[in-house]
Structure formats: C-alpha cells, structure tokens
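Asker: any chance you can model this:
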Amino acid sequence: MTIIPYLPFLGAAIGVAVLLWGIHWFLLGRHPDLGNDRKFPRQILMLGLGIFALLALILALPVSESARGQLIGLIGLLISGFIAFSSSNILANLMAGILLRITKPFRIGDFIRAGDHFGRVSERGLFDTEIQSECRELIALPNIWLINNPVTTIRSSGVVVSVSLSLGFDVHHSRIEPLLVKAAEESGLEEPFVHITEIGNFAVTYRVSGFLVDIKRYITARSNLCRGVLDVLHGHDIEILSPNFVHQRRFENAEKFIPAAFQPEAEEKTVNVEDLVFDKAEQAERVDQEKQKLTKDIEHLKLALKEADEDGKAHIKENIEEKRNLLKSLEQTEEASGEDNAESSGFASC
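Answerer: Prediction:
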C-alpha cells in the first residue's frame with residue numbers, strides 16, 4: 001500500500017490545522033487580557049470550526065463511499081452518545097446560559113426578582129446564575145429556569161420604592177395624600193406620589209411611592225419609607241388600622257391606638273445593610289467594572305501604540321503590561337473569592 005494517494009489529504013490536514021491555529025491566535029491568542037465573558041463566544045466559535053474542519057477532512061479522505069459513511073456515522077454516534085449520557089438538563093442549562101449571555105437581561109450586581117427569589121446577581125455561570133439574597137444567602141438558579149420564568153431587573157438608572165397601607169374612611173384622602181408625600185420626601189426619595197389602589201369594605205388602601213437613584217440602598221430606602229410613614233401619620237394623630245382590627249373594634253370606643261413618641265437617649269449606630277448582606281454581589285460587581293475598565297484602557301493603549309514614536313512606544317508597552325497584570329490579578333481574586341464562598345457557610349439564614 002503506497003502513501004502517495006494520501007499526500008493531498010495530509011497536506012490538506014496540515015493546512016486546516018495551521019488555519020485553525022491562526023484563527024485561534026487571532027481570536028484568543030493575541031488577546032490575553034480578554035475576560036471570561038468575552039472569551040466565551042470566541043471559544044464556542046472555535047469549537048464549531050473544529051467540528052466543521054473534522055467533517056470536511058473526513059469527506060476529503062481518499063476512501064470508498066461506504067467507509068466515509070461509516071466514519072461519519074461513528075462521529076454522529078459519539079456525539080449522540082455524549083448527549084444521551086449527559087443529562088438533558090445539563091445541555092438545556094448550557095444552551096440557556098448561552099442565550100442569557102446573548103440577550104443580557106441582567107448583569108453582575110443587578111437586583112433581580114425571579115419567582116419567589118430576590119437578590120443581587122453575584123455570579124453568572126454557564127449552567128446557573130448565583131444571586132445573593134437579603135439574608136446573605138447564596139442562591140443558585142438554573143439558567144433554564146431563568147429562561148422559562150419571568151425575571152424582573154431593577155434598572156441601574158433608578159427604581160421606584162413603594163409601600164402600601166390601609167386607613168379608615170373617617171380620614172379624608174385630601175389630608176392623607178400630602179402627609180404620605182411628606183413621609184416619602186423625608187425618607188430621601190425623589191418625586192414622590194400617592195395612589196389610591198383599593199376601596200375595600202372596611203378601609204381605603206393607599207400606595208406611596210418615590211424615586212430612588214442609588215439602587216444599592218434599595219432595602220434601606222424601603223425600610224426608611226415605612227418608618228417615615230409611621231412617624232408622619234402617628235405624628236398627625238392618624239391611626240393605621242388593619243381591616244380586621246377596624247372590623248372588630250367597638251365604634252363607640254374613642255380610644256386610639258397610637259404609640260407614644262419615643263426619643264432615644266443616644267444616636268443609634270447606622271449600619272449599611274446592603275454592604276453587609278450583598279458583600280459578594282458588591283465585590284463581584286466592583287471586580288467586573290474594573291475588568292471592563294482595564295480592557296477598554298488596554299484597547300485604547302493599543303491604538304495609541306500604533307501612532308506613537310519609538311520613545312513613546314516603550315512607555316505605552318509598559319502601561320499595557322501593567323494593566324494586563326492587574327487584569328490577571330483581578331481574575332485570580334475572582335476565582336479565589338468563588339472558592340472561599342463555596343467552602344464557607346457565612347451568616348445564618350433569616
């Protein structure tokens with residue numbers, strides 16, 4: 001058996017290998033500063049090109065049609081076996097993870113609500129998305145579940161904070177509405193407004209809302225609004241009663257259930273709740289922002305490198321290398337943080 005008939009095929013195989021290597025260098029090799037999010041679509045593209053090149057080489061083999069068909073069938077059998085032996089949920093979550101990276105309904109650090117879960121996104125993986133809840137718990141949500149269920153994302157430009165309450169019919173709404181607006185303003189919200197959402201059998205339901213610019217203080221702002229509503233209404237001798245309480249009370253009883261004013265002796269220490277419960281999400285968002293900034297800086301320096309003189313090129317190259325080292329350090333910190341959170345249990349859940 002002579003090797004001469006296979007020489008064109010061997011040359012084609014070497015050419016395809018060199019071409020794939022060149023594409024890999026062009027997409028990934030010459031960009032060591034790319035983050036994981038930007039590497040992922042290029043890696044998927046390289047995988048697809050590799051499979052396509054393998055099939056093209058099989059079709060180019062100098063063998064009979066039956067042997068070629070058997071080889072293609074064997075590859076199809078291997079791929080089918082891989083899919084069959086791997087869980088369908090794994091493949092579904094992988095495809096859902098790719099779709100989430102394409103559509104980008106949220107990013108690291110965003111507040112999201114999915115089903116009964118609410119928290120800040122602390123990590124985005126290929127198979128699941130991790131959020132940090134108000135109780136500082138880390139919750140892993142399968143990507144396929146996020147695709148099949150509505151996901152509410154709080155916009156980074158601001159959010160409307162609201163609280164609802166029921167008041168009796170004995171107080172006119174024209175008196176209530178200015179007080180609720182005042183409570184929202186004193187709690188630090190902008191452009192407050194009040195809606196009457198329901199007229200029930202025993203009470204009127206009001207909803208006071210205001211705009212919060214700093215979404216990282218969402219939980220504190222919601223608590224401050226509730227506190228402000230209590231202080232303002234009780235300070236103006238207005239009772240906040242539940243429908244059941246109003247229904248069961250004797251109407252001839254003139255006693256009012258308003259708590260007495262209390263002045264603390266010393267100023268209480270203020271704790272930033274969000275910094276405590278969303279520590280991982282906060283760190284992940286900060287690292288992600290720094291990585292994006294470093295990547296953009298490196299791209300700008302590369303453009304400046306082409307137009308700089310010999311003296312300036314040396315300085316620019318040093319800056320590029322320094323920023324690349326910082327980028328690698330951030331990625332290592334991110335990986336180490338993920339391992340530490342996986343090994344430690346953190347605070348108790350609420």
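
Asker: partners of the helix or strand hosting Tyr206 in the sheet?
Answerer: For Tyr206, the enclosing helix or strand under DSSP states H and E is strand 204-212. Taking DSSP bridges as the criterion, strand 204-212 forms sheet pairs with strand 159-167 (antiparallel), strand 190-199 (antiparallel).

Asker: list the buried residues of the shortest one.
Answerer: If you call a residue buried by 16 or more other C-beta atoms under 10 Å, then strand 159-167 has these buried ones: 159, 161-163, 165-167. Placement of C-beta: from N, CA and C, glycine included.

Asker: after that strand comes which helix or strand?
Answerer: helix 173-186.

Asker: rewinding a little: with distance to Glu322 and mean pLDDT as extra columns, can I get the strands paired with strand 204-212 in JSON lines?
Answerer: Formatted as JSON lines, those follow (distance: least, C-beta to C-beta, whole Å; pLDDT from 0 to 100):
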{"stretch": "strand 159-167", "distance to Glu322": "38", "mean pLDDT": "90"}
{"stretch": "strand 190-199", "distance to Glu322": "41", "mean pLDDT": "90"}
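
Asker: make TSV from the buried residues of strand 159-167 and add distance to Phe118 to it.
Answerer: TSV is the format used below for the buried residues of strand 159-167 (distance: C-beta to C-beta, whole Å):
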residue	distance to Phe118
Val159	13
Val161	14
Ser162	15
Val163	16
Leu165	21
Ser166	24
Leu167	27
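
Asker: for those, which one is nearest Trp21?
Answerer: Val159 (48.8 Å; C-beta to C-beta).

Asker: quick one, what contacts the closest one?
Answerer: 111, 211-212, 215, 218 (C-beta atoms under 8 Å, 6 or more residues apart in numbering).

Asker: quick check: bridge partners of it?
Answerer: Per DSSP bridges, the residues bridged to Val159 are Leu212.

Asker: the helices in this structure, which residues?
Answerer: Taking DSSP state H as the test, the helices found in the chain are 7-24, 36-60, 65-85, 88-103, 143-148, 173-186, 218-235, 243-248, 273-277, 279-307, 310-343.

Asker: and Ser223, what pLDDT?
Answerer: As predicted, Ser223 sits at a pLDDT of 92.

Asker: and for it, the neighbour number?
Answerer: For Ser223, the neighbour count with other C-beta atoms under 10 Å is 15.

Asker: that one and Glu134, how far apart?
Answerer: Look at Ser223 and Glu134: by C-beta to C-beta, to the nearest Å, they are 11 Å apart.

Asker: enumerate every residue touching Tyr206.
Answerer: Counting by C-beta under 8 Å, 6+ apart, Tyr206 touches 164-167, 173, 176-177, 180, 194-197.

Asker: just for the stretch 201-350 of the chain, where's the confidence low?
Answerer: Applying pLDDT under 70 to the stretch 201-350 of the chain flags residues 241-280, 332-350.

Asker: let's see 80
Answerer: Across the stretch 201-350 of the chain, residues meeting the criterion (pLDDT under 80) sit at 202, 241-289, 291-292, 305-314, 327-350.

Asker: before we move on, the earlier item: just the closest of the buried residues of strand 159-167 to Phe202, please.
Answerer: Among the buried residues of strand 159-167, and counting by C-beta to C-beta, the member closest to Phe202 is Ser166, at 8.2 Å.

Asker: I'd say the closest one and Asn201 touch.
Answerer: No. When contacts are counted by C-beta atoms under 8 Å, Ser166 is not listed as touching Asn201 (11.1 Å).

Asker: surely Pro41 touches Arg101?
Answerer: Yes. Between Pro41 and Arg101 there is a contact under C-beta under 8 Å: 7.4 Å.

Asker: residue ranges with poor pLDDT in the stretch 51-200 of the chain?
Answerer: Residue ranges of the stretch 51-200 of the chain with pLDDT under 80: 55, 58-65, 67-68, 72, 75-76, 78-91, 126, 155-157.

Asker: recalculate using a threshold of 70.
Answerer: Under the criterion pLDDT under 70, the flagged ranges of the stretch 51-200 of the chain are 82-88.

Asker: hang on, the earlier thing: the helices of the chain: which one's closest to Asp116?
Answerer: Taking the helices of the chain one by one with C-beta to C-beta, helix 143-148 is closest: 11.9 Å.

Asker: chain center to the closest one: distance?
Answerer: 14 Å (C-alpha atoms, centre = their mean, to the nearest Å).

Asker: so which elements touch that helix?
Answerer: helix 88-103, strand 128-133 (3 or more C-beta pairs under 8 Å, 6 or more residues apart in numbering; DSSP states H and E).

Asker: just the buried positions in that helix, please.
Answerer: Of all the residues in helix 143-148, those buried under the rule 16+ other C-beta under 10 Å are 143-147.

Asker: domain ranges for the chain?
Answerer: Domains of the chain are assigned by automatic domain parsing as 4-85, 105-153, 159-252.

Asker: between the two ends of the second one, how far is it?
Answerer: Okay, so that is domain 105-153. The straight-line separation of the ends of domain 105-153 (C-alpha to C-alpha, to the nearest Å) is 7 Å.

Asker: list the buried residues for stretch 54-70?
Answerer: Quick answer for stretch 54-70 (16+ other C-beta under 10 Å): Ile58.

Asker: how far out from the middle of the chain is it?
Answerer: Computed by C-alpha atoms, centre = their mean, the separation of stretch 54-70 from the middle of its chain amounts to 46 Å.

Asker: stretch 98-117 too?
Answerer: Between the centre of stretch 98-117 and the centre of its chain there are 5 Å (C-alpha atoms, centre = their mean).
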